[in-house]
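**Q** got a predicted structure here, sequence first:
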Amino acid sequence: MTWQVIGSSVQGSGHVPTSTPCQDAHVYRVRKDYAVAVVADGLGSAGQSEKGAQLAVETALEELDKALLTMTPAAPEGWTETLKAAFDLARQELESVAERSGLPLREYGTTLITLVLTSDWIAIGHLGDGAVVILGDGDAVETISAPQHGEYANEVIPLTALDALASVRFTVRQQKTKAAALLTDGLQSLSINSATNEPYVPFFAPFFAAICGVIDTADTSEQLTQFLLSERICERTDDDKTLVVLGNVASPSPCERHETTAPN
Amino acid sequence: MSIDFGRVEFDTSNPEPRCPCILLLDTSGSMSGPPIQALNAGLQTFKDELNKDSLAMLRVEIAIITFGPVAVKQDFVTAGQFAAPTLGTTGDTPMGEAINLALDKITARKQLYKQKGISFYRPWVFLITDGSPTDEWQTAARRVHDAESQKKVSFFAVGVAGADMSTLAQIASRQPLNLDGLKFREMFEWLSTSLSSISRSKPNEEVPLQTPLGWGKA
């Protein structure tokens, strides 16, 4: 199994005039047996949220990677425990940094989505808005983890909330997955139906088609950044936005898809 | 192989999130003359100010209930479609009934949003009066307090000269404001600015309301 990942987080056009930093963050790692991707959307209301988002994604990634290097869970319960531990540690890290800085924990408020793909499992932990959309083995495009929000449009439960860990939603399935996309709130209105949570397939199809073939991931991630900053997108959404796309390369041939020499 | 970004299409069917606001306006006999004229001019200002903000025009929804007698002068419309009415004055001040109707309309509106999958911001009710309730208002007051504590609504009360401020203070959880003279224009500018800010707020963003500088005092 060979995994490919591209990803980018860009600052929203609405944040540029006020010089607010990009409060989205993403990280990913590809191993022989699995791929991990984590995204976070730091709350606009929280002064240190870009740090909170960055710290949360890095902590969750390292914790998941460490656990999975030792052992791959063989049952949904095991996956849930592994994901839960990553959220738990990310929360603890935010508590530590808040304590060291002398600032209230809520200043580091952020959403968090973690995704693990193996050849036959998909496991997701999800807190807050944003979504995970997949291309299944039968080529169906599906929102596997829909945005979580409160009664109001401007209400989510951040990782810094009192009831955060109890609010994380886990989705674990034993199935083959060809590709997956993680996105933050800034791309939601363009790609997901707000009434039904159905994915808008023409948004995802070009990404899924490309990621299942061999691409230059560094180069494509750079193109993704330009796309997310383009006029076409910015006239529709002024929020920070992140997109990470993972794919299972159909014909794995490690020497052919070496990143620096990949054909375009 | 690479991604043809030009072929990435966007879902354009998603409705804008809505920010509903009910104006609860006292049009009893005592408002006749300069007060109602200033209120009508203020409503026009409200419309003009909202129309300066293209996002607010799509997202802010306005309804107007007058009393008395209690009447829905304008059912919910987006700010872009709102036309400022010219209100006349008549009758007494059934404020309790008007507040109850406003809270009922908010509940029904939320139901409709949920059915249609439209996301929304916390609704506002903005009460303006120059008098004292002439009907039973205690039930309405309890409902306002419950709705505020459950974050179901933000309820603001403004008293024009002659208003029974002590009763208003019992109805609203937030401290009622005294309108300075007939500065409805300035008040509606403030209201428009506040709704514009809320209608573009991001998750968990506390929208700091500007002090009612230049039109009201606690």
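**A** The structure has been received and is ready for your questions.
**Q** number of nearby residues for the residue of chain B found nearest chain A?
**A** The nearest approach of chain B to chain A comes at B:G117, 2.2 Å away (CB to the nearest CB). Glycine gets a C-beta too; all of them are placed from N, C-alpha and C. By the measure other CB atoms under 10 Å in any protein chain shown, the count of residues near B:G117 is 13.
**Q** before we move on, what about A:G247?
**A** Neighbourhood size, A:G247 [other CB under 10 Å]: 28.
**Q** does it belong to a helix, a strand or coil?
**A** At A:G247 the chain is in strand, as set by DSSP: H, G, I helix; E, B strand; the rest coil.
**Q** picking that back up, correct me if wrong: the residue of chain B closest to chain A contacts A:T196.
**A** Yes. Using CB atoms under 8 Å, B:G117 is in contact with A:T196, at 6.7 Å.
**Q** OK, contacts around the residue of chain B closest to chain A?
**A** If a contact means CB atoms under 8 Å, 6 or more residues apart in numbering or on different chains, then B:G117 has A:N193, A:S194, A:A195, A:T196, B:P15 as its contacts.
**Q** now the helix or strand harbouring B:I106: buried residues?
**A** In this assignment (DSSP states H and E), B:I106 forms part of helix B:95-116. Residues of helix B:95-116 classed as buried: B:95-103, B:105-106, B:109-110, B:113 (neighbour count, 16 or more other CB atoms under 10 Å in any protein chain shown).
**Q** can you pull the poorly scored residue ranges out of chain B?
**A** Scanning chain B for pLDDT under 70 picks out B:1, B:203-206, B:208.
**Q** which residue ranges of it form strands?
**A** Assigned by DSSP state E, chain B shows strands spanning B:19-26, B:60-67, B:71-78, B:124-129, B:154-159, B:177-179, B:216-217.
**Q** could you dump those strands into a markdown table with mean neighbour count and distance to chain A added?
**A** What follows is those, written out as a markdown table (neighbours: other CB atoms under 10 Å in any protein chain shown; distance: least, CB to the nearest CB, whole Å):
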| stretch | mean neighbour count | distance to chain A |
| --- | --- | --- |
| strand B:19-26 | 26 | 8 |
| strand B:60-67 | 24 | 13 |
| strand B:71-78 | 15 | 15 |
| strand B:124-129 | 24 | 12 |
| strand B:154-159 | 23 | 11 |
| strand B:177-179 | 21 | 24 |
| strand B:216-217 | 14 | 25 |
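**Q** if we can go back for a sec, quick one: list the elements packing against the helix holding B:I106.
**A** Under the contact definition 3 or more CB pairs under 8 Å, 6 or more residues apart in numbering or on different chains; DSSP states H and E, helix B:95-116 sits against strand B:19-26, strand B:60-67, strand B:71-78, strand B:124-129, helix B:138-149.
**Q** columns distance to A:E231 on top of these, output as TSV?
**A** Converted to TSV, the helices and strands packed on helix B:95-116 look like this (distance: least, CB to CB, whole Å):
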stretch	distance to A:E231
strand B:19-26	27
strand B:60-67	26
strand B:71-78	26
strand B:124-129	34
helix B:138-149	42
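**Q** ok so, going back, pull out the buried residues from the contacts of B:G117.
**A** Neighbour-count burial (16+ other CB under 10 Å) applied to the contacts of B:G117 gives A:N193, A:S194.
**Q** show me which pair in the contacts of B:G117 is furthest apart.
**A** A:T196 and B:P15 (12.6 Å; CB to CB).
**Q** contact residues of chain B facing chain A?
**A** Chain B has residues B:1-5, B:7-11, B:13-15, B:17, B:116-122, B:151, B:198, B:200-206 near chain A, with proximity defined as CB under 8 Å from any CB of the partner chain.
**Q** buried among the residues you listed? Need that as a selection in PyMOL.
**A** Selecting only the buried entries of the residues of chain B next to chain A in PyMOL, with 16+ other CB under 10 Å as the criterion:
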select buried, chain B and resi 3+5+8+10+11+14+17+118+119+120+121+122+198+200+201+202+203+204+205
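**Q** so which of the residues of chain B next to chain A belong to helices?
**A** B:K116, B:I198 (DSSP state H).
**Q** how near is the residue of chain B closest to chain A to A:I192?
**A** Taking CB to CB, to the nearest Å as the measure, B:G117 falls 11 Å from A:I192.
**Q** then B:D92?
**A** 51 Å.
**Q** please identify which of those two sits among more neighbours.
**A** A:I192 (24 against 16).
**Q** surely that one meets A:V141?
**A** No. Counting by CB under 8 Å, A:I192 does not reach A:V141; the two are 11.0 Å apart.
**Q** list the residues that contact both of those two?
**A** A:V133, A:P199.
**Q** for the stretch 1-150 of chain A, which residues are neighbours of chain B?
**A** So the stretch 1-150 of chain A meets chain B at A:G14, A:D41, A:L43, A:G44, A:S45, A:A46, A:G109, A:T111, A:G128, A:D129, A:H149 (CB under 8 Å from any CB).
**Q** re the thing from before, in JSON lines, list the contacts of B:G117 along with secondary structure and distance to A:C234.
**A** Shown next, in JSON lines, are the contacts of B:G117 (DSSP: H, G, I helix; E, B strand; the rest coil; distance: CB to CB, whole Å):
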{"residue": "A:N193", "secondary structure": "coil", "distance to A:C234": "22"}
{"residue": "A:S194", "secondary structure": "coil", "distance to A:C234": "20"}
{"residue": "A:A195", "secondary structure": "coil", "distance to A:C234": "25"}
{"residue": "A:T196", "secondary structure": "coil", "distance to A:C234": "26"}
{"residue": "B:P15", "secondary structure": "coil", "distance to A:C234": "20"}
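**Q** mind putting the contacts of B:G117 in a markdown table, distance to B:P212 included?
**A** Listed next are the contacts of B:G117 as a markdown table, based on distance: CB to CB, whole Å:
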| residue | distance to B:P212 |
| --- | --- |
| A:N193 | 40 |
| A:S194 | 34 |
| A:A195 | 37 |
| A:T196 | 42 |
| B:P15 | 32 |
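**Q** nearest to B:D75 among the contacts of B:G117?
**A** Looking across those and measuring by CB to CB, the closest to B:D75 is B:P15, at 17.8 Å.
**Q** what helix or strand is A:T114 located in?
**A** Under the criterion DSSP H and E, the helix or strand holding A:T114 is strand A:112-118.
**Q** ok, that strand: who's next to it in the sheet?
**A** Strand pairing for strand A:112-118, determined by DSSP bridges: strand A:34-41 (antiparallel), strand A:122-127 (antiparallel).
**Q** in that strand, which residues are buried?
**A** Going by neighbour count (16+ other CB under 10 Å), the buried part of strand A:112-118 is A:L112, A:I113, A:T114, A:L115, A:V116, A:L117, A:T118.
**Q** which one of those residues is nearest to chain B?
**A** Distances from chain B to the buried residues of strand A:112-118, taken by CB to the nearest CB, are shortest for A:L112, at 13.2 Å.
**Q** by mean pLDDT, point me to the weakest helix or strand of chain A.
**A** Within chain A, judged by mean pLDDT, DSSP states H and E, the helix or strand with the poorest mean is helix A:231-234; its value is a mean of 90.
**Q** OK, contacts around the closest residue to A:C22 other than its chain neighbours?
**A** Closest residue in space to A:C22, ignoring its immediate chain neighbours: A:Q11 at 3.8 Å, by CB to CB, 6 or more residues apart in numbering or on different chains. Applying CB under 8 Å, 6+ apart, we find A:Q11 in contact with A:T20, A:P21, A:C22, A:D240.
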